[in-house]
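Student: Sequence unavailable; structure follows:
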Ligand SMILES: Cc1cc2nc3c(=O)[nH]c(=O)nc-3n(C[C@H](O)[C@H](O)[C@H](O)COP(=O)(O)OP(=O)(O)OC[C@H]3O[C@@H](n4cnc5c(N)ncnc54)[C@H](O)[C@@H]3O)c2cc1C
């Protein structure tokens, strides 16, 4: 336990839910991005999976919507300390998108319209752990929250859930993304409080 | 890379900035130094072990083991009222950092810079202005600082006599000083015109402000990858 700060008793504990260490509960949906919000026309939108063998699988917007979707309800944990519980999404599971993708890669780099990147082990995208999400709370995903579509990987800090996702590159080697090269943790497990490099 | 450790930070000085904001100067033995624009995490712990953390931007460039934060009151908040109303000189909290390697300005950069602040978003931008002065840099700087009312401006005395090459424009969203030409209102594209687009921009403040200001800059032809943003909170003006 840290040193006690004189006169501090805390106000939030009545909410008494189990949160990862250092997180607090919010009912808003704050926004965190390193730059401006990109606007992407749906007619030009596409999502791609590029494999280490040089193959590319592509989906247009109508093709993505035509795939079977799921409606996960998940908790979000942002590295800037807020957590938001029980958020409702609609999107396509990465298991569906990966179904016909032949790969032996262990690592993935998600990349976005606007240039953002984030890396994670491929296994963290599979087995019902990740989605390409296009609806939030029943509505089309707003641009500021990553619309038209974002990666959703709720078991890791939210910066891994790349907004405005454009594709995922599968690789034999790990390749640190945007925040991962700017001092943030390579993996980002909120329950182990892996916020910054070395945590 | 070793873990960023929690360090004991002792409050050594308080400066009241406005009725609802104050600058807190902490002394942190072993502080590794930081860059203008970076932030720290502050942790408060209650006697029964309950603890909570929030992020705060550093308000001044590196100065040994002294770290300055400026905190604005969020009514009903858990941490900011404590830092503003309860913490006294001599009290201790825990701080770790510095954090963030993107929203930073380095004194060897000579490119012209546009700083756009909404409310307490001025804090990391003030660190950049002060770092520029400390380094004797002549990079042209322009600060556009939006607040609700005139008496909500931080660092007023210091900014009243700007450093050479630093240009300052205030925007008021609710109430202006007497005789002010621009009517009160939120930031518009017109407020951001005039500058060349060959500049690096840093935009900081509440989410809605940052979204609006960054959108205006893009509409004016600024390259998105030269606009760096930091969003402090969900709401506000
Ligand atoms: C990278 C970063 C840097 C920051 N730098 C600064 C800084 O230099 N100075 C500073 O004063 N703050 C800064 N903040 C905001 C700060 O971290 C806290 O969010 C803020 O002090 C409120 O904390 P609280 O515990 O008092 O309120 P909470 O108990 O967290 O929140 C109380 C209520 O207020 C809302 N709220 C939370 N934060 C804000 C906000 N910023 N504006 C309006 N409403 C809010 C919450 O949604 C909630 O409804 C920074 C945030 C980030 C992410």
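Tutor: All right, it came through fine. Only a predicted model underlies this, so the values are computations on that prediction, with no experimental measurement involved.

Student: C-alpha from now on. contacts and neighbour counts both.
Tutor: Noted.

Student: got the residues of chain A near the ligand?
Tutor: Contacts of chain A with the ligand, taken as Cα under 6 Å from any ligand atom, map to A:26, A:28, A:80.

Student: do the same with chain B
Tutor: B:39, B:54-57, B:70-72, B:74, B:76-81, B:120, B:123, B:232-236.

Student: Mark which of the residues of chain A next to the ligand are part of helices, please.
Tutor: Among the residues of chain A next to the ligand, no member falls in helices (DSSP state H).

Student: For stretch A:86-105, list every residue counted as buried.
Tutor: Neighbour-count burial for stretch A:86-105 flags A:89, A:90, A:91, A:92, A:93, A:94, A:95, A:96, A:97, A:105 (criterion: 16 or more other Cα atoms under 10 Å in any protein chain shown).

Student: ugh, typo on my part, it should be stretch A:58-70
Tutor: By 16+ other Cα under 10 Å, the buried positions in stretch A:58-70 come out as A:59, A:61, A:64, A:69.

Student: Quick check: end-to-end length of that stretch?
Tutor: 20 Å (Cα to Cα, to the nearest Å).

Student: How about stretch A:108-127?
Tutor: 15 Å.

Student: Please list the outside residues in contact with that stretch.
Tutor: Under the contact criterion Cα atoms under 8 Å, 6 or more residues apart in numbering or on different chains, stretch A:108-127 has outside partners A:37-38, A:40, A:94-95, A:105-107, A:130-131, A:153, A:159-160, A:162-171, A:174-180, A:186-187, B:224-225.

Student: tell me the mean pLDDT over that stretch?
Tutor: For stretch A:108-127, the mean per-residue pLDDT is 96.

Student: re the thing from before, ok, and the most crowded of the residues of chain A next to the ligand?
Tutor: Most neighbours among these, by other Cα atoms under 10 Å in any protein chain shown: residue A:80, with 21 neighbours.

Student: Apart from its neighbours in sequence, what residue is nearest that residue?
Tutor: Nearest residue to residue A:80, sequence neighbours excluded (Cα to Cα, 6 or more residues apart in numbering or on different chains): residue B:55, at 6.8 Å.

Student: The ligand versus the residue lying farthest from the centre of chain B, what's the distance?
Tutor: The outermost residue of chain B relative to its centre, with distances by Cα atoms, centre = their mean, is residue B:48 at 32.8 Å. From residue B:48 across to the ligand, the span is 19 Å (Cα to the nearest ligand atom, to the nearest Å).

Student: ok, now how distant is that residue from chain A?
Tutor: Distance, residue B:48 to chain A, using Cα to the nearest Cα, to the nearest Å: 8 Å.

Student: For chain A, which residue gets nearest to chain B?
Tutor: residue A:198 (4.0 Å; Cα to the nearest Cα).

Student: my read: that residue touches residue A:185, true?
Tutor: Yes: shown here, residue A:198 and residue A:185 form a contact pair, counting by Cα atoms under 8 Å, at 7.0 Å.

Student: So which of those two has more stuff around it?
Tutor: residue A:185 (19 against 14).

Student: per-residue pLDDT, that one?
Tutor: Looking at residue A:185, its pLDDT stands at 95.

Student: so what's it up against?
Tutor: By Cα under 8 Å, 6+ apart, the contact list for residue A:185 reads A:194, A:195, A:196, A:197, A:198, A:199.

Student: what about residue 54, how many neighbours?
Tutor: With no chain named, the answer covers chain A. 8.

Student: if you could check chain B rather than the one you did, that'd help
Tutor: 19.

Student: need the contact list for it.
Tutor: Residue B:54 neighbours (Cα under 8 Å, 6+ apart): A:80, A:81, B:41, B:42, B:43, B:79.

Student: so where's the longest strand in the chain?
Tutor: Because you didn't say which chain, this covers chain A. When chain A is parsed with DSSP state E, its longest strand is strand A:82-93.

Student: that answer is for a different chain, and I need it for chain B
Tutor: strand B:7-18.

Student: Let me know the average pLDDT across it.
Tutor: Here the average pLDDT along strand B:7-18 is 98.

Student: Now the terminal residues of stretch A:174-186, how far apart.
Tutor: End-to-end span of stretch A:174-186 (Cα to Cα): 9 Å.

Student: Which residues outside stretch A:157-168 are in contact with it?
Tutor: Contacting residues not belonging to stretch A:157-168 are listed as A:38, A:45-50, A:76-79, A:108-114, A:116-120, A:143, A:145-154, A:179, A:188-190 [Cα under 8 Å, 6+ apart].

Student: can you count the residues close to residue 23?
Tutor: No chain was given, so I picked chain A. Residue A:23 has 23 nearby residues by other Cα under 10 Å.

Student: Chain B, not that one
Tutor: 22.

Student: my guess is it contacts residue B:12, does it?
Tutor: No: Residue B:23 lies out of contact with residue B:12 (Cα under 8 Å); the separation is 10.9 Å.
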